[in-house]
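S.K.: sharing a model that was predicted from the sequence below.
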Amino acid sequence: MSKSDKINVAVIGATGYTGLDLIFLLSKHKKINIKYLCATKNLGKKISFFDKRIKKKLPYLTSINKINWSNLDLVILSLPNGQAQKIIKKTYHRYKNLRFIDLSADFRISNAKFYKKIYNIKHKAEPLIKKSLYSIPELNGKEIQKYRIISNPGCYPTSIQIPLVPLINKNLINPNEIIIDSKSGYSGAGKNLEKKFNHKNLYSSIFAYSTKNHRHIFEIDQQILKLTKRNINFSFNPYLLPTFRGILTTIYISAKKNKSAKEIRDYLHNYYKKSKFIKILKLNSPLGSGNVLNTNNCEISICETRRKNKYIIFSAIDNLVKGASGQAIQNMNILYNFPEKQGLE
């Protein structure tokens, strides 16, 4: 850490949707000195050219080859899958004090063979997977401080694990009767949206996709098994919405032992009562993504249905903040013992 009690940070992958949100938030953080903003195109340009919200004077866009790694405390990577692992492999052992937060899927999957199967990429830094931590801060606590590589979770899995993990651990719901659908703004697909989706009326329609094998299914399976020691059987379907940001996840559950919706809601409320960003609403509250946009909050509502012991959990986050850049900063704050809400107020 620098003498000024600030940490020197490089952001690699600065001009994507997530990178820009990340830089906007970091630019307001009192403990951060942004040393490098790296990209592969538009080198020499100001970052404000891409995002008018960013008012602070920051370094011009530069190539990763210009980085003086010994002058950094933290590298945050917001790159396509397969790229962060190469950079971390080259620098992890040489620069012993350097830490990394990766927003891609490169360190989310604990088995390199499984990673290759899911992403069709051979992992280039397999020994480092065991030295990384997949981190939703509310579910990991101070464990983050033991690691130099922090893997930021996917946006869908974040909205799903926050309500489900405590309920499965407490044995309040049937782990074999879970149906999940998640609706996301199109920013979740990145700036290459039109290459990934070509359905009719892309920007004015709802589209269901990847019903059988969405990549995040495997991440959810892995983490719930790790955190609860239980396998769950669930169906998952994602939807693309004609709105820029935000996720609303709907989880259909069956309660155990005639547990009421109120008991489930109250348990979650008590579980997260000290959490800075998790908001458990009153029973049967209607919920959308509107309140959480541009925040690091996750709002959760438990609702009754007309069927006994059958309830619905609604979970709303901003996919670019709590689902990506905001959660990265939250992880960073815990990693360096900064106030957890610093830069995220």
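M.R.: It's in.
S.K.: show me where the stretch 51-200 of the chain has its helices.
M.R.: 84-91, 112-119, 126-129, 137-140, 155-169, 193-196 (DSSP state H, counting those that start in this stretch).
S.K.: need those helices in a markdown table with mean pLDDT and distance to Lys341, can you?
M.R.: Backbone N, C-alpha and C define where each C-beta goes, glycine included. As requested, the helices of the stretch 51-200 of the chain are exported to a markdown table (pLDDT from 0 to 100; distance: least, CB to CB, whole Å):
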| stretch | mean pLDDT | distance to Lys341 |
| --- | --- | --- |
| helix 84-91 | 98 | 26 |
| helix 112-119 | 95 | 33 |
| helix 126-129 | 97 | 30 |
| helix 137-140 | 94 | 11 |
| helix 155-169 | 97 | 17 |
| helix 193-196 | 67 | 31 |
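S.K.: Asp106: which of these is closest?
M.R.: helix 84-91 (4.3 Å; CB to CB).
S.K.: from the chain's centre, how far out does the closest one sit?
M.R.: Distance of helix 84-91 from its chain centroid, counting by CA atoms, centre = their mean, to the nearest Å, is 20 Å.
S.K.: follow-up on the earlier one: highest average neighbour count across the helices of the stretch 51-200 of the chain?
M.R.: Greatest average neighbour count among the helices of the stretch 51-200 of the chain goes to helix 155-169 (a mean of 24), per mean count of other CB atoms under 10 Å.
S.K.: what helices and strands are in contact with it?
M.R.: helix 137-140, strand 178-185, helix 215-228, strand 247-254, helix 261-271, strand 298-304, strand 310-317 (3 or more CB pairs under 8 Å, 6 or more residues apart in numbering; DSSP states H and E).
S.K.: and of the ones you listed, who's closest to Ile76?
M.R.: helix 137-140 (15.2 Å).
S.K.: so what touches that closest one?
M.R.: 133, 144, 161-162, 165, 227, 272, 275, 277-278, 327, 330-331, 334, 340 (CB atoms under 8 Å, 6 or more residues apart in numbering).
S.K.: buried ones among those residues?
M.R.: Buried subset of those (neighbour count, 16 or more other CB atoms under 10 Å): 133, 144, 161-162, 165, 227, 272, 277-278, 327, 330-331, 334, 340.
S.K.: same list (those residues) but as a markdown table, adding distance to Tyr92.
M.R.: Listed next are the buried ones among the contacts of helix 137-140 as a markdown table, based on distance: CB to CB, whole Å:
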| residue | distance to Tyr92 |
| --- | --- |
| Leu133 | 14 |
| Ile144 | 17 |
| Gln161 | 27 |
| Ile162 | 29 |
| Val165 | 29 |
| Leu227 | 26 |
| Tyr272 | 34 |
| Phe277 | 29 |
| Ile278 | 32 |
| Gln327 | 22 |
| Gln330 | 23 |
| Asn331 | 17 |
| Ile334 | 20 |
| Glu340 | 26 |
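S.K.: give me the mean pLDDT for stretch 274-286.
M.R.: What stretch 274-286 shows for mean pLDDT is 97.
S.K.: do stretch 24-33 as well
M.R.: pLDDT averaged over stretch 24-33 gives 96.
S.K.: show me what contacts Ile217?
M.R.: Ile217 sits next to Phe236 when contact means CB under 8 Å, 6+ apart.
S.K.: and the gap between it and Pro238?
M.R.: According to CB to CB, to the nearest Å, Ile217 and Pro238 sit 10 Å apart.
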